[in-house]
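A.B. asks: what would the 3D arrangement of this be:
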Amino acid sequence: MMSPLALAAALLLTAAPGAPGGAAPEAQAHWTIQTSDPQVQALFDRGLMMLYAFDVGEAQVAFGAAVQRDPDCAMAYWGLAEADAIDINQPSTPEGEKRGEDAVAKARAHLAHAAPAERDLIEAMRARYGKGTTSAKFARYADAMTAFAKAHQDEPNGLVIAGFAVYTANDALVDAQNEMTPKAREVLADVDRALVLEPSNLGAHHLRVHLLEEVRRWDDAVPDAAALEAFQYPLGESHLPHMAGHIWARTGEYDRLINDNVRAVDNDRAWFALGNGPGQKYMQYYHDHDVDFVLYGLTTEGRNDEARTFAAREDTFSQVRLALRLHDDARIEQLDTSGVGAIAFAHAVAAARLGQLDVMRAESAKTGALDGQRANLIEAARALGAHDPAARVAAYARAYAATKTDLPGDPKNYWSMPIGEGYGAALLAADRPALAETVFAAELKRFPNDPHLEWGLARALAAQGKDDTVPRAAYRAHWKGTRDLTLDDLG
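C.D. replies: Residues are numbered from 1 along each chain as shown. Sure, this is the predicted structure:
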């Protein structure tokens, strides 16, 4: 079995499968550090690229290998500490806090070998791992990195790291008027400056996608998505091509969303085939998300047989969610019934639609803390099974209202049971086409070119005697299913 150092070195030149035409440039990251060993510099750069790809398990392997080769390299210890600070989705664990504290202490013990800017970074990281609550630590780190960015406007990677620090520390990025907060503008300024200095900085493109999507300026992130799409990626970096899909979902480019996330899944599969080291274990967390995007895109376009074939290579979690999206309640019943969380939720919905209320209640209990959205969607399914259109509309209305504050109801978050689409369908079934028109039209502004929404809008218009030519033509242009949609397919 290869050592972590040998494996990291061997993978430095390994490109991900599936890049279009094999002609795309390979993704790279570089940050010159204080070391006389070119291999240490290469390992540090690999760790940096893994930070930007959120494979922080593999980043730790690379930075750890750099420390083994050059124990005086202060920045390699900094990298070990940053690995437990950068991931905006999993920003803190008790184990990570201990690792970070230890790494900062070792970095500070080698400050004599660090450049002045490196010392500033390490001191900022010291603020991140001091005493206090998690929120206090991240707030201190954001303040320290804001000061670093102001003092080092010529360092693109430092600006990107500062942007991630500020983004992670602040939940509120839009104000009551739906405008960017000062902190959001600070993040954007940091990453924009980084891209002026280094246009190919993939960490900056990654962060811009997250930020601009969250502040509802996704059109401004189209160049970032295109940049992330344009590279081949070493194994373990699947999250970067995946991120382009966030923007293609907003622009209605579902083929691009599918293709970029197929690349991400292929990268994952090849990465996992190498073993089960820290990098592979960490990326398991993101793999289902990549699969979700592929299945979301395929089912949006009506390519359901392709979706089934794709999901067959994945675990029960993905297969259950696909069956839920396709209203294949019989298939859900065939799959694992011992699951909890999302799997139990799917079983609860299927049972509710079939009128099996005892099963519905038992499965609902297994979902754990039943959040409001899941409870509303299970109730909507129960009402459907009970042929109670008014109760179904009421349940969806509650869910739709909650999307204004809870994960804005994005199909990619609720793709297996999309809330806006389901609400519109419930209104149509309840003979309320005028409100259904309003809902479908609003959803199409947020998620253009979705044929389910276009079909629903055309149906709502026709039910009122209005001209449905435009949405019906759009549906025909975008739908790739083997049969036409029906009202029963929506939601």
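A.B. asks: list the buried residues for stretch 257-271?
C.D. replies: Neighbour-count burial for stretch 257-271, counted by 16 or more other C-beta atoms under 10 Å, picks out 257-271. From N, CA and C alone the C-beta is placed, and that goes for glycine too.
A.B. asks: return the member of those residues nearest to residue 437.
C.D. replies: Out of those, the one with the shortest distance to residue 437 is residue 257. That distance is 26.5 Å, counting by C-beta to C-beta.
A.B. asks: where does that closest one land on pLDDT?
C.D. replies: Taken from the predicted model, the pLDDT recorded for residue 257 is 97.
A.B. asks: for the one helix or strand it maps to, name the packing helices and strands.
C.D. replies: Per DSSP states H and E: residue 257 is located in helix 254-273. Judged by 3 or more C-beta pairs under 8 Å, 6 or more residues apart in numbering; DSSP states H and E, helix 254-273 is in contact with helix 222-229, helix 239-251, helix 278-301.
A.B. asks: C-terminal to the longest one, what's the next element?
C.D. replies: Under the assignment DSSP H and E, the closest C-terminal helix or strand after helix 278-301 is helix 304-311.
A.B. asks: just checking, what packs against that next one?
C.D. replies: So helix 304-311, by 3+ C-beta pairs under 8 Å, 6+ apart, packs with helix 278-301, helix 316-325.
A.B. asks: adding mean pLDDT, distance to residue 133 and mean neighbour count, write those out as JSON lines.
C.D. replies: Below are the helices and strands packed on helix 304-311 laid out as JSON lines (pLDDT from 0 to 100; distance: least, C-beta to C-beta, whole Å; neighbours: other C-beta atoms under 10 Å):
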{"stretch": "helix 278-301", "mean pLDDT": "96", "distance to residue 133": "24", "mean neighbour count": "22"}
{"stretch": "helix 316-325", "mean pLDDT": "94", "distance to residue 133": "33", "mean neighbour count": "23"}
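A.B. asks: with distance to residue 82 added, can I get the ones you listed in JSON lines?
C.D. replies: Conversion of the helices and strands packed on helix 304-311 to JSON lines gives the following (distance: least, C-beta to C-beta, whole Å):
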{"stretch": "helix 278-301", "distance to residue 82": "14"}
{"stretch": "helix 316-325", "distance to residue 82": "31"}
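A.B. asks: do you know which of the ones you listed lies nearest residue 67?
C.D. replies: Within the helices and strands packed on helix 304-311, the stretch nearest residue 67 is helix 278-301; the backing value is 14.6 Å (C-beta to C-beta).
A.B. asks: can you give the distance of that closest one from its chain's centre?
C.D. replies: Between the mean C-alpha location of helix 278-301 and the chain-wide mean there is a distance of 9 Å, by C-alpha atoms, centre = their mean, to the nearest Å.
A.B. asks: show me what that helix is packed up against.
C.D. replies: With contacts defined as 3+ C-beta pairs under 8 Å, 6+ apart, the secondary structure elements packing on helix 278-301 are helix 56-69, helix 239-251, helix 254-273, helix 304-311, helix 316-325, helix 451-463.
A.B. asks: ranges for the strands of the stretch 301-450 of the chain?
C.D. replies: Along the stretch 301-450 of the chain, no segments are classed as strands by DSSP state E, counting those that start in this stretch.
A.B. asks: okay, helices next: where are they in it?
C.D. replies: Under the criterion DSSP state H, counting those that start in this stretch, the stretch 301-450 of the chain carries helices at the ranges 304-311, 316-325, 329-334, 342-353, 357-365, 372-385, 389-402, 419-429, 433-446.
A.B. asks: quick one on the thing from earlier: would you reformat the helices and strands packed on helix 254-273 as a markdown table and include distance to residue 318?
C.D. replies: As requested, the helices and strands packed on helix 254-273 are exported to a markdown table (distance: least, C-beta to C-beta, whole Å):
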| stretch | distance to residue 318 |
| --- | --- |
| helix 222-229 | 23 |
| helix 239-251 | 15 |
| helix 278-301 | 5 |
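A.B. asks: closest to residue 134 out of those helices?
C.D. replies: When those are ranked by proximity to residue 134, the top entry is helix 278-301, at 18.8 Å, counting by C-beta to C-beta.
A.B. asks: the closest one vs helix 419-429, what angle?
C.D. replies: Compare the direction of helix 278-301 with that of helix 419-429 by axes from the mean of the first three to the mean of the last three C-alpha atoms, to 10 degrees and you get 30 degrees.
A.B. asks: using the three-state scheme, assign residue 28.
C.D. replies: coil (DSSP: H, G, I helix; E, B strand; the rest coil).
A.B. asks: now do the contacts for the closest residue to it other than its chain neighbours.
C.D. replies: Using C-beta to C-beta, 6 or more residues apart in numbering and skipping the chain neighbours, the partner closest in space to residue 28 is residue 49 (6.8 Å). Residue 49 makes contact with 27, 28, 29, 202, 234, 237 under the criterion C-beta atoms under 8 Å, 6 or more residues apart in numbering.
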